[in-house]
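Trainee: Structure, please.
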Amino acid sequence: MDFDAPAPSDDRLPAGTRIGRAALRVADLDETTAFYRDVVGLAVLDRDDDRATLGVDGTILLVLDRDPDRPERGRTDAGLFHTAFRVPSRAAIGEGLARVRERWRLDGASDHLVSEALYLDDPEGNGVEIYRDRPREEWPVDDDGTVQMATEPLDIEGVSGAAGGANSDGDLVDRVPPGTDVGHMHLEVTSLSAFEAVYVDGLGFEVGMTGPNVRFVAAGDYHHHLGANTWQGRTTPAAGRGLAWFEVVVPDAAALEAVRERLDAVAADGDVEFVVEEREDGIAVTDADGIEVCVRTE
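Mentor: Have a look, this model is predicted:
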């Protein structure tokens, strides 16, 4: 699949913007925690009966909240397409592939020209991507400077061969290396125009690649920090288990205040419904699809 790229515009998030933590509501905390530990390769940083936090090198990347009384996500509900964990090297994605092959099942694998990616679902059906970026100088760029992406078959054997090897006792490499983070989030939405009103006009992401029923948006010159699609024809807001919230982290208070001002302007237009709530460390925005994004500073 190839994508078209529109021209860039002004009044956007600064280049230092990144994705922070993501949180999921799950029914079986034990099983889901084990998946993100043993298959994805995150470390369990804290755990009690109702919550687990997982991450890398002491940094939280994923929060799992036990919520068995909340219904399963409905077939028409908006919500998560996948959480994308970005590893720092081809060796690390090769090690991830080995864990998936040994302990789980691989649903897909793609070469996106800018990255190499593995796709799978967690035990409760939440999408997961494990990927590594190619060096920036290898990213294809359009005449106007926009990064280009595509979906092509992944060189599975090349990725497998790049794996860093086994631990000294011969086991798989159990943990992703330092430098792993949440590189992007991909959402299933009911309306791409409503998505753009909140995340582009309001938060300040720049539209990059577009394709049939999909948008990719980013801050700075990254290929995408967020994806949104309508491929499955979702028609109702998120209500069940699955994505609880995710974070967009901006470099400083000035960038956060600019987000507030842009959201105020979008709200004044009245074309799309969303809710903004002040939090101790920033703001939380709940969009028309019931998806919550928390914006905070570093």
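Trainee: Settle this for me: H223 is touching A117, isn't it.
Mentor: No: contact criterion CB atoms under 8 Å: H223 and A117 do not qualify, at 11.5 Å. Placement of C-beta: from N, CA and C, glycine included.
Trainee: surely D77 meets R241?
Mentor: No: the criterion here is CB under 8 Å, and D77 misses it with R241 at 9.9 Å.
Trainee: And for N213, the neighbour number?
Mentor: Around N213 there are 13 other residues, counting by other CB atoms under 10 Å.
Trainee: residue contacts, it?
Mentor: Neighbouring residues of N213 by CB atoms under 8 Å, 6 or more residues apart in numbering: 192, 229-231.
Trainee: Emit the ChimeraX select command for whichever of those are buried.
Mentor: Selection of buried members from those for ChimeraX, criterion 16 or more other CB atoms under 10 Å:
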select :229,230
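Trainee: Pick out the most distant pair among the contacts of N213.
Mentor: Pairwise distances across these (CB to CB) peak at 11.0 Å, for the pair L192 and W231.
Trainee: between these two, what contacts are shared?
Mentor: The contact sets of L192 and W231 overlap at 213-214 (CB under 8 Å, 6+ apart).
Trainee: quick one, helices of the chain?
Mentor: 29-35, 90-103, 156-161, 192-196, 253-269 (DSSP state H).
Trainee: right, so of the ones you listed, which gets closest to T235?
Mentor: Across those, T235 has its closest neighbour in helix 192-196 (12.4 Å, CB to CB).
Trainee: so what does that closest one touch, helix or strand wise?
Mentor: Helix 192-196 sits against strand 214-218, with contacts defined as 3 or more CB pairs under 8 Å, 6 or more residues apart in numbering; DSSP states H and E.
Trainee: Could you list everything the residue nearest the centre of the chain pairs with in the sheet?
Mentor: The centroid of the chain falls nearest to M185 when counting by CA atoms, centre = their mean (1.8 Å). Counting by DSSP bridges, M185 forms beta bridges with T83, L226.
Trainee: quick one: it from D30, how far?
Mentor: 25 Å (CB to CB, to the nearest Å).
Trainee: Likewise for D69?
Mentor: For D69, the distance to D30 - CB to CB - is 17 Å.
Trainee: and the one helix or strand in the chain whose mean pLDDT sits lowest, how far from the chain's centre?
Mentor: The helix or strand of the chain with the poorest confidence is strand 206-211; it has a mean of 92 (mean pLDDT, DSSP states H and E). Relative to its chain's centre, strand 206-211 lies at 16 Å (CA atoms, centre = their mean, to the nearest Å).
Trainee: now stretch 246-255
Mentor: With CA atoms, centre = their mean, you get 16 Å for stretch 246-255.
Trainee: which of the helices of the chain sits most buried?
Mentor: Using mean count of other CB atoms under 10 Å, the stretch among the helices of the chain with the greatest mean number of neighbours is helix 90-103 (a mean of 20).
Trainee: if we can go back for a sec, could you export the helices of the chain as CSV, including mean pLDDT and distance to R134?
Mentor: Listed next are these as CSV, based on pLDDT from 0 to 100; distance: least, CB to CB, whole Å:
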stretch, mean pLDDT, distance to R134
helix 29-35, 99, 27
helix 90-103, 98, 9
helix 156-161, 96, 12
helix 192-196, 98, 27
helix 253-269, 97, 28
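Trainee: That'll do, ta.
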